[in-house]
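**Q** sequence first, predicted model second:
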Amino acid sequence: MTGRSRYLIALLLPVAALGLVTAAATAQHPIGTTQARLTSHPAKDRFASEIAPLIRTYCLGCHSGSKPPAGIALNGFADTASVLKARDLWEKVARNIETGHMPPEGMPHPTAAQRDAIVSWLHATLSAADNGRPDPGHVTLRRLNRTEYNNTVRDLLGIDIHPADDFPADDTGYSFDNDADVLTISPLLMEQYLSAAEKIARAAIVTPESAGKSVQFKAEKLPGAVPIAFPGMTGHLFSTNGEIGVDYPFPQAGRYTFRARAFGQQAGSEPVKMGFLLDGKLFFTAEVKAVESAPAVYEAVGAVPAGKHHFAVSFLNDYYKPETPGHPAEDRNLIVDYLEIQPPPHVMPVVTESHRRIFFTPAPASKEVYARQLLARLARRAYRRPVSEAEVTRLMRYVHLAHQEGASFERGIQLALEAMLVSPHFLYHVEIDPRPNDPKASHLVDDFEMASRLSYFLWSSMPDEELFTLAAKGKLHDPKVLAAQARRMLQDPKARALSDDFAAQWLQLRKLDRIAPDPGRFPEYTDTLRQDMRTETEMFFDSVVRNDRSVLDFLDGRYSFLDERLARLYGIKGVEGDGFRRVALDGDQRSGILTQASILTVTSNPTRTSPVKRGKWVLEQILGTPPPPQPPNVGVLPDERGDAVLKGTLRQRMEEHRRNPQCASCHAMMDPIGFGLENYNAIGKWRATDGNLPIDSSGTLPDGRSFQGPAQLKAILLGKKDLFVRCLAEKLLSYGLGRDILPTDRPFLDAIVRKTAQSDYRFSALITAIVQSGPFRMRRGEGEKPS
Amino acid sequence: MSEPLIPRRTFLRGVGAVVALPLLEAMLPLSALASSAKSRPNRMAFIFVPNGMHMPAWTPPTDGVGFALPSIMEPLKNVKDSLTVLTGLTQHNADALGDGGGDHARSAAAWLTGCHPRKTSGADIRASISVDQLAAQKVGHITPFPSLELGCEPAATAGDCDTGYSCAYTSNISWRSPTTPVAHEVSPRLVFERLFGSDDPNATAESRARRRLERRSILDFVMEDAHQLNTQLGVRDQSKLDEYFTSIREIEERLNRVEKSARQLPAPETLPTGVPADMGEHIRLMYDMLVLAFQSGMTRICTFMIAHDGSNRSYPEAGVPEGHHDMSHHAGDPKKQEKIRLINHFHVTQLAYLLEKLQSIHEPEGTLLDNAMIVYGAGISDGNAHNHDDLPILLAGRGAGTIQTGRHIRYSDGTPMTNLFLSLLDRIGVRAETIGDSTGRLQQLF
C-alpha cells in the first residue's frame, strides 16, 4: 500500500473529460495537483509540537514497546511525514479516540478539547494526503457469483430456473459474497458451468430434435409443493389429501401419455392411491404400492385438445391413526418425484417465450445471414457489450457443426448459446484497462462496463435495454444521467436484490439459516417464524429503498412489517390473519432494525442471549468501528463456567469482564451496547426478567454517555449518525465494487457522506453519491500479482 | 391432519439397495483402471472435524499394541485392528505466532497445508498447497478425477469468519494453490452425478460420442476466448484468469482419460438426492460417495470437511442442543466437556460406518480398507485452550500393506503433522522433500 501512496495519478483522459471526473470526486480538490499540496501542508509541524505530546501522555503508557496491546505501537513517530507512512495505523487511532474506545476505562483521559485536537488533526492530515492523490483502486477480474449467475440467466433468456443453486457456495471476503479476489473458479465449478449451460440452452431453445420427447416437471418445484428429500429421491410430500400440478401448453390435439414417479408410505388396510387429473377432472387412479426403496412410474394415456391445460396428480386416501399404548402411530402418505407429459411421436413442443426472444426476427432467405443476426444479438447481451464480426464468425462454427451432423439449425444456435454461457466473457465481469500493468493509469470505465457496474450493484443482474441504449450512445459518462438511472433502477422490482443480497449480508440475515435456538427453551421458534423474521427485515429494508426514506430509519424507523406470528412474538395487538402488513410502532420497545427479531436472534447463542455478540454486531455493522481481535488464548471468563457456579442475571455474571484488565478495554465497548438490548431474549421476545431477576438494561459507553434501556441507547446511536452513514456507505461501496475498502477510498467516502447528509439522508442520495464517486466510475491498472 | 412420518432408519438401506450395489457390480471392471498401474492401488483420505476433541476420552491410556479403545473411539471396535492412533502431532503454524486470535481459521487452513495463513478477511488470502492437492497434481492423472472434495456445510456466506480471518480459511481444508481453496461438494446427488454422469440412460453410444465431440468443441472455443482475453489483462487479473485455464485443462484431461478407458459408465437406476436434514444421514451418504469413488477407481484422493472450524451447530442428534463452539469453551466444566465428548462420539460413530463399509469390500489383495489411508481428526486439540499440539489424529487402513496397524504410537510433543504427510505421500507414489514445516518422515508407521 505504501508503495502506491506516492504515485501521481496520470490521467489518460482528454482534458474535456477531466471536469466530469473531478466532479465525481470532490470539487474542491481537483485530481492532478498532488505534490505541492502535500509539501506545503500547513499541519506539517503541528504533530511534533501539539499532537505528539498528547499521544505520549495518554497512549504510550501501553502502546509502545515490542508487545503492545492489539499490536499497536505509537512510539517512534516524530513528525507528520512519519504518520503518513503508517496511514492504516493512524486511521485506527483516529477512530478509536473519536468513538471513545480509547483510552480505556480506568486510565487517564484527555479533555474533550484535547480529544478533538487529536481527531481533527488526524482527519485533516489523512484526508488532505488522500485528496492529493485520489486513487480509484483496481477491482480484480471478478466472476459472477451464484445470485448474479441465476439473475443474469433469467434476464438474458427469460427463464427462471436457478441453475446456480447447485453450484458450490461462494466464499466471502469482506463480508460480501461478490468479493473479486475471493471468488474462485475450480474444476468442480467449471464442470457445473458446463452442465448448467447445457441445461439452460435446452430450456431456452426448442429444437426439432425434441419432437415427441417427454417433458418432466420436478414435483417439489411446482407451486404449493412441500419439498422433501430422501436418499433415493427428492419430491413433493402429500401428508394429507390434495393435488399438485402444472399448466402445460399442448401443441396439438392428440393422445398424450401422462406419467408420475412416486412411492407411498403405506399404512392401514389399502395401498396409497394417486389420481391423475386434467383440468381438475380425475381420469385415472393408480394404486401406488411402491415403497421408498423402489419408487415406481405410473402412467396413463389420455386424449387432449390443443391449448393450455392443467395436469395434476392427487393423493386420494390419506389415513392417520395416532399412537396408542403399545401401537405406534400409523400414517399413510404419498411422495411424488416428478410429473411427465409425453406428446405423440413427431409433435413439436410449443415454442417458448425464451425461444421467441432468441429467434427475434423472421428468417431471411439466407440461413447464414439469419444465424449471424441471431448470434450477434445474443452474444451482445450475454457478454454485456458490443461484439465484433470476428466473434460472431467464431460462434458460427456451431451452426456449421450442427449442419455437418445432420442436426437442425436451432440445434446449432443452441450449441452456440451453450458455448457463450461458458465463455469468460459471460462468466466474468470483464473490465479492460488501456494500460493494465500501470497502477498510475486511472481512467473512467467504458460505458458498457459502467452499465454493468450499475446493474450488478442495484439489481445483481445484467443491464436492461435502456442501459444498453444509453451505453451505446455514450451517455453513461454523464453524472446527471447516472443519477437519473440510479433513481429509475431503485424503483424497478429488480432492486429487490439489494434487500436479498446486500441487506441479507450486511445485517448477517443469512446466518439465520444456521442458527438453531434450543427448542426446549424457545418452543415458539419454528422454521416459519425464522422465515418471518427474515421477511420482516428484508421488507423493512426494501421499503426504505422503495419509498426513498432516510437511511436513519434503519436506526429508529417507527414502523415495521409484521404478520400475526411476529406480532404475537412482539406482543403487538391487532395484527391478525395471513400476510405481512405495514404496522406503525409506538412505545419504547421496537423501532429500527436493532430491535427486530432477526438481528436479535443471529446475535444470540442457542440457549441464551449474548451481549458480547450483540455489542460486537453493532460496532461492526452499524458504527463501522470493529473492536480489535480477541487476544490469543484469552482466558475464559467466569460467566462461561458451568451452570453450577452461575449466580445472578447474565449481566451480573458478565460484569466480570470489567474486573479483568486484559478484557476490560474491548468489552467496555461491546458489553454496554449488548446490555442495552438485554430486554430481548435470544429470539427477540421482550422480557422484563432473566430467570427471577429483573433485567437491568442501563449502560455507560466508553465515551461516558449513559442510557437507560434500548430506546435511550438508540437515541445515542442516532446521535452518531455520521458514523452510521459512513459505515453503510463503506458497506455499499464495497458491495458495489466487489472489493474491500482501502484507506485510499477515504476522500471519496467523505464526499459520499457529505452529499447524503445534504439530501436529508435519503437512500437514493446515498446510492447516487456512490455511483457518481471516483471508485465507482474509474479504475486503474494493477501490475502487481497478488502477493 | 397427519404429521409426515419419515422412517429415518430406512434411508441408508435405500441407498445401499437401490443405488450402490447394482451400480458397483456393473462397474467392477472399471476398478481394473485403478489397479492398472500394476502395483496394488492405495488411496488417501483426510476427514476433518472442527473445534478440537475431548482429549481425555480420545487418547488411549497405553501405548503400542493392545491398547484399550477410549470412549470416543468405542464405535470403532469392529475395525480396531486397522487403526493407528497417532499422539503428539502438532501444527505449529496454526499457532498465533504474533497474529492474535483466529485459532479456528488457522486450524483449518493449516491442517493439510502446514502453513501459517495470512491474517486477512478479504482480498489477499494466502495459505499454501495442501497435501491432497500436491498428491493430485502428481498422481491424479492416473484416475478420471485427480481428487474429490466433500463436506457437509457449504462455505459460510456472510461475515468475517474468525477475528479477522476470511471465511475461505475456516471453510476449506483443501488448497490448490496458496490463493485458491478447492470448493467442496455438499450434495450427495451432485457428487454422484459428477462421478458417474447424469446423462440420459437411454442415450445410444452414437449420441454419447456426438455429445463428447460437442463438449470438446465448446472447451476449445472458450479456451480461445480466454487466451484472447488474457492478452488484454494486467498480471494481477491474469493470475485470476489462471484458475479458468486450469479448470478447463483439467476437464479436458479427464475427458481424455475417460475416452481412453473406453468404458461406458452404467447409468444408475436411481440417484441419491439432495441434502438430508439429519446430519448423521448426511455424513453417511457422503461416506457412501467416498466409498463409491474409491471402489470404482474414479479417484484415489479425497478430503472431507465435516463442518467448518468454529462451527456453532447444535447436535440434537447427539443430545446436545447447545452450540458446538460454545460448548468447546468448556472452561473445565465437566458438563460441557461431556457434551463435547458426545459430539465427538457422534462423529466417530459415523466414521465407524465408513471404515466398516471399506472393510466389507474385497479387492484382489485385501479389503478396500487395507488398501487405503484414512486420516481422521482435528486441527485443535482442546477446544478451550485452542492449542494446536497434541492433536487428535487417527490413521485407519494399512496403506496397501505399508502400515502396521492396531497400535497407539506416541510421538514427542511438537512432532510436525506434516511429517505424517510426507510419509503418506511416499506410500501413494509421490516423492516430496518438504511440505509446510515438515522436518522429515514420520517414523514407526511400519
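**A** In hand now; what should we look at?
**Q** tell me the secondary structure for residue B:394?
**A** Using DSSP: H, G, I helix; E, B strand; the rest coil, the structure places residue B:394 in strand.
**Q** now it: how far from chain A?
**A** Distance, residue B:394 to chain A, by Cβ to the nearest Cβ, to the nearest Å: 26 Å. Quick note: C-beta positions are derived from backbone N, CA and C, even for glycine.
**Q** ignoring the adjacent residues along the chain, who's closest to that residue?
**A** Nearest residue to residue B:394, sequence neighbours excluded (Cβ to Cβ, 6 or more residues apart in numbering or on different chains): residue B:376, at 4.5 Å.
**Q** which element, helix or strand, includes that neighbour?
**A** In the assignment (DSSP states H and E), residue B:376 maps to strand B:372-377.
**Q** can you list the strands that that strand pairs with?
**A** Applying DSSP bridges to the sheet, strand B:372-377 is found paired with strand B:43-48 (parallel), strand B:393-396 (antiparallel).
**Q** with only the CA atoms kept, save the last one in PDB.
**A** Coordinates of each C-alpha in strand B:393-396 appear next as PDB, following Å, rounded to 0.1, in the frame of the first residue of the first chain:
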ATOM      1  CA  ILE B 393      -5.200 -37.800  14.800                       C
ATOM      2  CA  LEU B 394      -6.300 -41.300  13.800                       C
ATOM      3  CA  LEU B 395      -5.000 -43.200  10.800                       C
ATOM      4  CA  ALA B 396      -7.100 -46.000   9.600                       C
END
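**Q** work out the gap between that strand and the centre of the chain.
**A** On the basis of Cα atoms, centre = their mean, to the nearest Å, strand B:393-396 sits 13 Å off its chain's mean C-alpha point.
**Q** other residues contacting it?
**A** The contact list for strand B:393-396 (Cβ atoms under 8 Å, 6 or more residues apart in numbering or on different chains) reads B:73, B:79, B:82-87, B:89, B:351, B:355, B:369, B:372-377, B:403, B:405, B:417, B:420, B:445.
**Q** kindly reformat the strands paired with strand B:372-377 as JSON lines containing mean pLDDT.
**A** Below are the strands paired with strand B:372-377 laid out as JSON lines (pLDDT from 0 to 100):
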{"stretch": "strand B:43-48", "mean pLDDT": "98"}
{"stretch": "strand B:393-396", "mean pLDDT": "97"}
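**Q** any chance of the ones you listed in CSV, with mean neighbour count too?
**A** Formatted as CSV, the strands paired with strand B:372-377 follow (neighbours: other Cβ atoms under 10 Å in any protein chain shown):
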stretch, mean neighbour count
strand B:43-48, 26
strand B:393-396, 24
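**Q** make JSON lines from the ones you listed and add distance to residue A:543 to it.
**A** Putting the strands paired with strand B:372-377 into JSON lines (distance: least, Cβ to Cβ, whole Å) gives the following:
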{"stretch": "strand B:43-48", "distance to residue A:543": "43"}
{"stretch": "strand B:393-396", "distance to residue A:543": "53"}
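**Q** re earlier: what residues are up against the residue nearest to residue B:394?
**A** For residue B:376, the contacting residues are B:47, B:49, B:351, B:393, B:394, B:395, B:396, by Cβ under 8 Å, 6+ apart.
**Q** next one: residue A:171
**A** Residue A:171 neighbours (Cβ under 8 Å, 6+ apart): A:177, A:182, A:183, A:184, B:155, B:166, B:167, B:168, B:171, B:172, B:181, B:183.
**Q** residue B:340 now?
**A** By Cβ under 8 Å, 6+ apart, the contact list for residue B:340 reads B:51, B:52, B:53, B:54, B:324, B:327, B:328, B:330, B:383.
**Q** out of the residues you listed, which comes closest to residue A:610?
**A** Nearest to residue A:610 out of the contacts of residue B:340 is residue B:327 (Cβ to Cβ; 14.2 Å).
**Q** isn't that closest one up against residue B:343?
**A** Yes - with contact defined as Cβ atoms under 8 Å, residue B:327 reaches residue B:343; the gap is 7.4 Å.
**Q** and for those two, which residues touch both?
**A** Residues within reach of residue B:327 and of residue B:343 at once, by Cβ under 8 Å, 6+ apart, are residue B:320.
**Q** I'd guess residue A:340 is in a strand, am I close?
**A** Yes - assignment of residue A:340 by three-state DSSP places it within a strand.
**Q** where along the stretch 501-650 of chain A do the strands fall?
**A** Assigned by DSSP state E, counting those that start in this stretch, the strands in the stretch 501-650 of chain A fall at A:559-562, A:581-584.
**Q** and the first one, which residues are buried?
**A** Across strand A:559-562, burial judged by 16 or more other Cβ atoms under 10 Å in any protein chain shown covers A:559, A:560, A:561, A:562.
**Q** can you tell me the SS state at residue B:86?
**A** With three-state DSSP as the basis, residue B:86 sits in strand.
**Q** and the residue nearest to residue B:394, what are its bridge partners?
**A** Taking DSSP bridges as the rule, residue B:376 bridges to residue B:47, residue B:394.
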